[in-house]
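1. build the 3D model from these lines:
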Amino acid sequence: MVSIEPLLPEQFELVAEWLSKPEINQWLTAEWRNRMVDALFLAMVTRNRRNRLFLTRHHGQACGLAGLADIDLTDKTAMVWYILGEQSLSGRGIMSEAVMQLTELCFGELRLESVYAWIIDGNAASRRVLEKAGFHEAGRIRRAASIGGRQVDRIYFDVLPDDRRFTAERS
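-> Next up is the predicted model:
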């Protein structure tokens with residue numbers, strides 16, 4: 001059983017620990033990559049109306065984070081991102097299910113028309129998350145991220161309400 005719930009201030013420390021792990025944050029944007037994240041930084045991120053963060057639980061245990069960034073209600077789009085904080089739970093489809101729930105929220109409650117995500121080339125686990133959640137590869141920006149001193153591609157994915165089961169929810 002996987003669930004997502006709005007991230008609360010009392011959960012900031014736990015999530016900051018996860019986001020500070022190099023094996024996790026190496027795959028994120030430069031603002032998160034190779035840095036120690038603290039509760040204050042998460043508080044600032046959550047105050048921005050263009051962001052929404054959700055704690056992911058598996059059988060009640062806090063285990064990850066699913067978020068929306070760059071929410072644009074005028075253009076009806078947002079970017080999805082996610083991390084599995086508890087690596088012992090990898091390979092169980094937890095983050096795919098969390099991303100599916102988040103896209104349901106995007107197309108239902110937020111009435112968005114397009115949701116996208118990107119991965120850094122070489123992140124096979126993240127590619128699987130997106131594909132299992134119904135996202136399709138949409139393109140790439142070559143040499144768009146610096147990882148370990150070398151430039152690598154960003155691969156973009158998107159999903160539309162018509163792509164999946166979201167159509168019935170919008171009627």
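
2. find the nearest non-adjacent residue to G64, please.
-> Setting aside the residues directly before and after it, G64 is nearest to T56 in space (Cβ to Cβ, 6 or more residues apart in numbering), at 3.7 Å. (Glycine included, C-beta is placed from N, CA and C.)

3. neighbours of that neighbour, how many?
-> Counted with other Cβ atoms under 10 Å, the neighbours of T56 add up to 29.

4. equivalent analysis for the one 10 residues further on, please.
-> One way to gauge burial is a neighbour count; for A66, by other Cβ under 10 Å, it gives 28.

5. surely it and Y82 touch.
-> Yes - taking contacts as Cβ atoms under 8 Å, A66 lies within contact range of Y82: 4.6 Å.

6. give me the common contacts of those two.
-> Each of 56, 95, 98-99, 102 lies in contact with both A66 and Y82 under the rule Cβ atoms under 8 Å, 6 or more residues apart in numbering.

7. from these, which land in strands?
-> Residues of these located in strands (DSSP state E): T56.

8. buried among the shared contacts of A66 and Y82? Need that as a selection in ChimeraX.
-> Listed next is the ChimeraX selection for buried residues among the shared contacts of A66 and Y82, using 16 or more other Cβ atoms under 10 Å:
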select :56,95,98,99,102
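
9. between the shared contacts of A66 and Y82, which is nearest I71?
-> Ranked by distance to I71 (Cβ to Cβ), the shared contacts of A66 and Y82 are led by L102 at 11.6 Å.

10. how about that closest one, nearest residue that isn't a chain neighbour?
-> That would be A66: by Cβ to Cβ, 6+ apart, it lies 4.9 Å from L102.
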